[in-house]
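**Q** The sequence and its predicted three-dimensional model are supplied below.
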Amino acid sequence: MYFLCRKERQVYLTMVDPAFGKNAFNSPKYYNETQTAANNILTILFGRPGFYPSIPDLGMDITTLLYRHVDEIDCNVIKAKLVTQCTKFLTNIREGSFDVQLAKYMGKPLLIFLIPIEVEKSDKRLAIGITTGADGKAIYQVEYHQEVLD
């Protein structure tokens, strides 16, 4: 869903998604543009290819990688798939440095995704960390960082 916004004498479209519930003014809640971007990227990462019938290419099923041995995970392949999916399906992805890093956290693989996005006419980097918890279920953390240009 897009809204027409005005900021400093400029008019632009902003992408937001509806949220369940109502706000304090009894109006429908909406995720802001940054939250919408994060939710869309999480949908790409966690979705299995074919889960969205009209777009069979959508999805990476990243959770299957979390149960592999660390040596079997190739960050370059993941990065290439992510770049392809994000540029194909999302409009606010900025051309720039995508990065996928692999680390170990409590003996389990931790995938860290750094994704350049454009939100409210400013450049940001979305950082997503995905690993598995003690019970074996996938857990994630999302952080937003203002892009610092040299």
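**A** Done, it's in.
**Q** ok, the closest residue to Phe98 other than its chain neighbours to Phe113 distance?
**A** For Phe98, ignoring the flanking residues on the chain, the nearest one in space by Cβ to Cβ, 6 or more residues apart in numbering is Val83 at 5.1 Å. To be clear about C-beta, it is placed using only N, CA and C from the backbone, and glycine gets the same treatment. Counting by Cβ to Cβ, to the nearest Å, the separation of Val83 from Phe113 is 11 Å.
**Q** Next: Gln35.
**A** Look at Gln35 and Phe113: by Cβ to Cβ, they are 16 Å apart.
**Q** quick one, which of the two is more surrounded?
**A** Applying other Cβ atoms under 10 Å to Gln35 and Phe113 shows that Phe113 carries more neighbours, namely 24 against 16.
**Q** Check whether the more buried one really touches Gln141, as I assumed.
**A** No: look at Phe113 against Gln141 with Cβ atoms under 8 Å: they stay out of range, at 10.9 Å.
**Q** Could you tell me which residues touch both of these two?
**A** Common contacts of Phe113 and Gln141 (Cβ atoms under 8 Å, 6 or more residues apart in numbering): Ile128, Gly129.
**Q** burial of Tyr67, as a residue count?
**A** Neighbourhood size, Tyr67 [other Cβ under 10 Å]: 11.
**Q** didn't it look like it was pressed against Lys137?
**A** No: distance between Tyr67 and Lys137: 11.0 Å, which falls outside the contact criterion (Cβ under 8 Å).
**Q** What are the boundaries of the helices in this protein?
**A** Along the chain, counting by DSSP state H, helices occupy 33-46, 75-89.
**Q** Now the last one: buried residues?
**A** Think helix 75-89. Buried positions in helix 75-89, judged by neighbour count with 16 or more other Cβ atoms under 10 Å: Ile78, Lys79, Lys81, Leu82, Gln85, Cys86, Phe89.
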